[in-house]
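Enquirer: below: sequence and its predicted model.
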Amino acid sequence: GAVVSQHPSWVICKSGTSVKIECRSLDFQATTMFWYRQFPKQSLMLMATSNEGSKATYEQGVEKDKFLINHASLTLSTLTVTSAHPEDSSFYICSAATPGGGSYEQYFGPGTRLTVT
Amino acid sequence: AQSVSQHNHHVILSEAASLELGCNYSYGGTVNLFWYVQYPGQHLQLLLKYFSGDPLVKGIKGFEAEFIKSKFSFNLRKPSVQWSDTAEYFCAVIAGNNRKLIWGLGTSLAVNP
């Protein structure tokens, strides 16, 4: 159980275009999803926290108009990189948190490799 | 601000050697503690977690970790590593009621056959 999928697994796009990445919790409902960036050989950087039915909460330094997050249902959150530039090339990972309780655990998707040319 | 530090950035071991990876966090309240592993080309997987109870936690693949509250530590151990343990290991903490994971920078483990 607790499987999280991401689509696409990799994408190449031209500078100036937008790219949408989907994150789905396959066998559980996730009221909260998280979006991360991971640079090579580095740790995860939290970009934003996405709560179903409400606006995402962005971390300091993350442009909310550039990285649009929508959490329209309990099993789907999307990240849209708008007007992508080469510096946006990265590995984007989502996670979904199980609902309720006092202890929280996140389940991670396999990640999406974005390359902007 | 809360933070997580992993003392070893790169570790190289021979098979059958014992492993201990250090993790310390800065937060005085209730914490949930995690170790994640990322094998080459794969996504993050949970190795083990501590929420409450017995401070010695056993995880998958023979890994264990001990929560020492007085030292704010959650070190990861394995008595005998295998080549297949070559991976990136991340310590992470949830502090208090905040659901966000605070990540360490990770430790790259290479096990030579």
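Expert: Perfect, thanks for sending it.
Enquirer: mind telling me what element B:S5 is part of?
Expert: strand B:3-6 (DSSP states H and E).
Enquirer: what's the following helix or strand after that strand?
Expert: strand B:10-14.
Enquirer: paired strands for that following strand, with orientation please.
Expert: strand B:107-112 (parallel) (DSSP bridges).
Enquirer: tell me how many other residues surround the residue nearest to A:A84 when sequence neighbours are not counted.
Expert: Using C-beta to C-beta, 6 or more residues apart in numbering or on different chains and skipping the chain neighbours, the partner closest in space to A:A84 is A:V116 (4.5 Å). Where C-beta positions appear, they are placed from N, C-alpha and C, glycine not excepted. For A:V116, the count of nearby residues is 20 (other C-beta atoms under 10 Å in any protein chain shown).
Enquirer: backbone dihedrals for the closest residue to B:K78 other than its chain neighbours, please?
Expert: When the adjacent residues along the chain are set aside, B:K78 lies closest to B:L19, with 4.5 Å between them (C-beta to C-beta, 6+ apart). When read as degrees, to the nearest 10, the backbone of B:L19 gives phi -120, psi 140.
Enquirer: can you check B:R77 too?
Expert: The phi/psi pair for B:R77 (degrees, to the nearest 10) reads phi -140, psi 150.
Enquirer: against which helices or strands is the strand holding B:S5 packed?
Expert: Judged by 3 or more C-beta pairs under 8 Å, 6 or more residues apart in numbering or on different chains; DSSP states H and E, strand B:3-6 is in contact with strand B:23-26, strand B:87-95, strand B:101-103.
Enquirer: shaky segments in chain A?
Expert: By pLDDT under 70, the low-scoring segments of chain A are A:1, A:99-104.
Enquirer: from the centroid of it, which residue is nearest?
Expert: In chain A, the centroid-proximal residue (C-alpha atoms, centre = their mean) is A:W35; its distance is 3.4 Å.
Enquirer: what pairs with the helix or strand containing it, parallel or antiparallel?
Expert: According to DSSP H and E, A:W35 maps onto strand A:32-38. Using DSSP bridges, the strands paired with strand A:32-38 are strand A:44-51 (antiparallel), strand A:90-97 (antiparallel).
Enquirer: no more questions from me, cheers.
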